[in-house]
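S.K.: Give the three-dimensional model of this entry:
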Amino acid sequence: MRYQADVRDVSYRYDGSFAGFLCCVFESFTQREIPSLIAAPETEQLVLFEMRDIPTETEKARRVATGLKRLGMTVYERVAVGFLSCAEEKDLILLRFIRLCFAQGGQAAQMLGHTQVAQAFALERAVNNEICRMIELLRFEEKDGMLGAQIHPQNRVLPMLRAHFCSRLPDDDFLIYDATHKEALLRRNGQVQFLRMERYEASAEPEELAWQTLWKRFFKALTIEERRNEKLQTQHVPLHYRQDMPEMRKDVLQT
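M.R.: Down below sits the predicted model:
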């Protein structure tokens with residue numbers, strides 16, 4: 001089945017949610033058009049043409065999601081994971097990928113030589129790579145009777161961290177704060193929710209600070225100075241993530 005569409009001088013503006021984005025996809029198919037821009041609330045761009053507000057409607061979002069799943073979970077997951085990217089024009093990249101898959105079938109997701117497929121795949125891969133790094137490098141601390149952690153991801157990875165940490169910490173309450181996007185994942189009393197937060201206050205509990213100091217000493221004791229390879233270490237632990245790791249921070253005392 002072919003889904004012809006023209007690129008038009010129109011912008012879509014939506015609420016920034018995944019359901020809202022799926023409604024933009026629905027609008028694109030309904031109007032047989034590809035917008036020049038899809039703008040979330042935080043997008044700041046000079047728009048020289050019509051701006052159309054796309055309301056989030058559950059039924060429309062459900063229909064698009066069902067259609068994506070019928071194309072195969074590879075297609076659906078590439079869109080869902082890629083949507084968490086903060087790359088420029090990620091919405092348009094995913095829209096074009098979706099239209100291609102609906103036109104040619106789910107097998108189109110394997111056509112990595114195709115520009116639109118390659119761009120969508122790059123979004124998914126970047127998010128997945130960062131999720132793996134977050135799982136490896138995230139450091140919890142004891143704070144206010146629960147576990148707390150602060151991260152500075154480049155993409156909105158909290159939804160993908162939910163399943164992993166809820167499974168690994170089934171009996172613990174915890175909070176993971178995304179300082180980049182001012183969002184938090186909170187699990188308390190078995191209930192999980194996402195919150196807006198302005199900042200995270202690091203633990204000041206003496207016992208926790210003592211454990212952090214001990215951990216830093218252990219980390220330093222394992223270091224063989226003669227075999228230190230800063231370039232290789234930076235590849236495995238980029239500088240961007242070190243601010244949230246006690247063993248890498250200068251503010252953790254070494255008394």
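S.K.: which non-adjacent residue is nearest residue 87?
M.R.: Counting by CB to CB, 6 or more residues apart in numbering, residue 87 lies nearest to residue 123, which is 5.9 Å off, once chain neighbours are set aside. The C-beta positions use only the backbone N, C-alpha and C, and glycine is treated the same way.
S.K.: ok, that neighbour to residue 222 distance?
M.R.: Separation of residue 123 from residue 222 (CB to CB, to the nearest Å): 37 Å.
S.K.: Repeat that for residue 203.
M.R.: Separation of residue 203 from residue 222 (CB to CB) stands at 24 Å.
S.K.: who's more crowded, the two?
M.R.: Between residue 203 and residue 222, residue 203 has the larger neighbour count (other CB atoms under 10 Å), namely 18 against 8.
S.K.: quick one: the more buried one is in a helix?
M.R.: No: assignment of residue 203 by DSSP: H, G, I helix; E, B strand; the rest coil gives coil, placing it outside any helix.
S.K.: quick one, what contacts it?
M.R.: By CB atoms under 8 Å, 6 or more residues apart in numbering, the contact list for residue 203 reads 141, 142, 143, 148, 209.
S.K.: ok, the residue nearest to residue 87 - contacts?
M.R.: Residues near residue 123 by CB under 8 Å, 6+ apart: 78, 81, 82, 85, 87, 90, 93, 94.
S.K.: Give me the contacts around stretch 88-107.
M.R.: Identification of contacts with stretch 88-107 by CB under 8 Å, 6+ apart yields 1-3, 5, 21, 24-25, 28-29, 34-35, 37-38, 40, 67-68, 71-72, 74-75, 78-79, 82-83, 87, 108-109, 111, 114, 116-117, 119-120, 123.
S.K.: Any of these buried? List them.
M.R.: 5, 21, 24-25, 28-29, 34-35, 37-38, 40, 67-68, 71-72, 75, 78-79, 82-83, 108-109, 114, 116-117, 119-120, 123 (16 or more other CB atoms under 10 Å).
S.K.: what about stretch 182-193, how long is it end to end?
M.R.: Taking CA to CA, to the nearest Å, stretch 182-193 runs 14 Å from one end to the other.
S.K.: no wait, stretch 65-74
M.R.: Chord length of stretch 65-74, first to last residue, is 13 Å (CA to CA).
S.K.: Distance from the chain centre to that stretch, please.
M.R.: Its chain's C-alpha centre and that of stretch 65-74 lie 20 Å apart, by CA atoms, centre = their mean, to the nearest Å.
S.K.: Could I get the average pLDDT for that stretch?
M.R.: Across stretch 65-74, the average pLDDT comes to 96.
S.K.: now stretch 78-92
M.R.: On average, the pLDDT along stretch 78-92 is 95.
S.K.: which residues does the closest residue to residue 138 other than its chain neighbours contact?
M.R.: Nearest non-adjacent residue to residue 138, counting by CB to CB, 6+ apart: residue 149, 5.4 Å away. Listed by CB under 8 Å, 6+ apart, the contact partners of residue 149 are 138, 139, 140, 141, 174, 175, 176, 177, 244.
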